[in-house]
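Q: Sequence first, predicted model second:
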Amino acid sequence: MLWLKDCGIASVAESVFKSEELDKTVAHLLVAARNDVYAQGYAECSHHVVNALKVDWDTSKSATHGVNTEAALAIAKTQFNNLQLPVMDLINDAL
C-alpha cells in the first residue's frame with residue numbers, strides 16, 4: 001500500500017498523461033473546436049457585412065464552407081468522453 005501511495009498513483013497518472021490515445025483525441029478535439037469557432041465567427045461577420053453594406057457576401061471562400069463544424073465538434077467531444085485507455089484496462093484487470 002505504501003508503494004502504491006508513493007509511486008503507483010503517480011505512475012498511473014503519468015501513463016494517462018503520456019498516452020498516445022489521449023494526445024490524439026485531445027488534438028482532434030482542439031482542431032474541431034477551433035474550426036467550429038472559426039466557422040461561427042465567419043458566419044456572424046458575414047451576416048454583419050450583409051446587413052451593414054446591403055451586399056451579398058460570398059461565403060464560399062471560407063475554409064469551413066459546406067462543412068458541418070458543429071456536428072464534427074459534437075463527434076470529437078463524444079470520442080473524448082468515451083476514450084478508453086489501455087492503462088486503465090490494465091488497472092481494472094489488476095483490481
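A: Thanks, I have the structure now. Numbering: from 1, shown residues only.

Q: Give me the distance from the longest helix belonging to the chain to the chain's centre.
A: The longest helix of the chain (DSSP state H) is helix 20-53. Relative to the mean C-alpha coordinate of its chain, helix 20-53 is positioned 11 Å out (C-alpha atoms, centre = their mean, to the nearest Å).

Q: Report the central residue of this protein.
A: With distances taken as C-alpha atoms, centre = their mean, Leu29 lies nearest the centre of the chain, 1.1 Å away.

Q: Let me know whether it touches Thr78 as I believe.
A: No. Taking C-beta atoms under 8 Å as the definition, Leu29 is not a contact partner of Thr78, at 10.0 Å. All C-beta spots, glycine's among them, are computed from the backbone N, C-alpha and C.

Q: What number of residues are in the vicinity of Trp3?
A: 8 (other C-beta atoms under 10 Å).

Q: Then Asp56?
A: Asp56 has 9 neighbouring residues, counting by other C-beta under 10 Å.

Q: For it, what are phi and psi?
A: Reported as degrees, to the nearest 10, the phi and psi values for Asp56 are phi -80, psi 130.

Q: tell me the contacts of it?
A: Asp56 is in contact with Val50, counting by C-beta atoms under 8 Å, 6 or more residues apart in numbering.

Q: ok, it to Ser46 distance?
A: With distances taken as C-beta to C-beta, to the nearest Å, Asp56 is found 10 Å from Ser46.

Q: got it, and Val55?
A: Distance, Val55 to Ser46, using C-beta to C-beta: 11 Å.

Q: now Ser19, nearest residue through space, not along the chain?
A: Distances taken as C-beta to C-beta, 6 or more residues apart in numbering put Leu85 closest to Ser19, at 5.3 Å, once the chain neighbours are dropped.

Q: distance of that neighbour from Val31?
A: 20 Å.

Q: quick one: which of the two has more around it?
A: Shown here are Leu85 and Val31; by other C-beta under 10 Å, Leu85 has more neighbours (16 against 13).

Q: Now that one, what are its backbone angles?
A: phi -110, psi 130.

Q: Let me see the contact set for it.
A: Ser15, Val16, Ser19, Glu21, Leu22.
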